[in-house]
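Trainee: A predicted structure for the sequence below; I have some questions about it.
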Amino acid sequence: MSIYVGNLSYEVNQEDLNEVFTEYGTVKRVHIPSDRESGRPRGFAFVEMESEANEDKAIEALDGAEWMDRALKVNKAKPREDNRNGGGRNNRF
């Protein structure tokens, strides 16, 4: 499973997030999506931790917490939706 971390400062990097989440357990992976055109971070990230129990602890502690002058939004990441079918249009004839 993965954790969604939203409302991030555009200055945040992987090391920053790793440092914060390591307080709650072993971090396996940090991914900060960037805008395709500008290359700038999009203001959210995904963090994978070693165990679901550690993820739950991090979510409980960090959701709504102030960090870098922003209130974090931290929750379980939702599965990625497959939007390859024409942008959500109904393609039935």
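Mentor: Ah, there it is. Here the structure is a predicted model, which means the values were calculated and not measured.

Trainee: where do the strands sit along the protein?
Mentor: Listed in chain order, the strands of the chain (DSSP state E) span 3-6, 27-31, 44-49, 66-67, 70-71, 73-76.

Trainee: okay, buried residues for stretch 12-28 please.
Mentor: Buried residues in stretch 12-28, counted by 16 or more other C-beta atoms under 10 Å: 12, 16-17, 20-21, 24-25, 27. (Each C-beta comes from the backbone N, C-alpha and C, glycine too.)

Trainee: ignore what I typed, I meant stretch 50-63.
Mentor: 54-59, 62.

Trainee: from the buried residues of stretch 12-28, pick the one nearest residue 45.
Mentor: Nearest to residue 45 among these: residue 17, at 5.8 Å, using C-beta to C-beta.

Trainee: list the contacts of that closest one.
Mentor: Neighbour list for residue 17: 5, 27, 30, 32, 45, 47 [criterion: C-beta atoms under 8 Å, 6 or more residues apart in numbering].

Trainee: got a markdown table for the residues you listed, with distance to residue 73 and pLDDT too?
Mentor: Shown next, in a markdown table, are the contacts of residue 17 (distance: C-beta to C-beta, whole Å; pLDDT from 0 to 100):
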| residue | distance to residue 73 | pLDDT |
| --- | --- | --- |
| 5 | 7 | 98 |
| 27 | 18 | 97 |
| 30 | 16 | 97 |
| 32 | 15 | 96 |
| 45 | 11 | 98 |
| 47 | 13 | 98 |
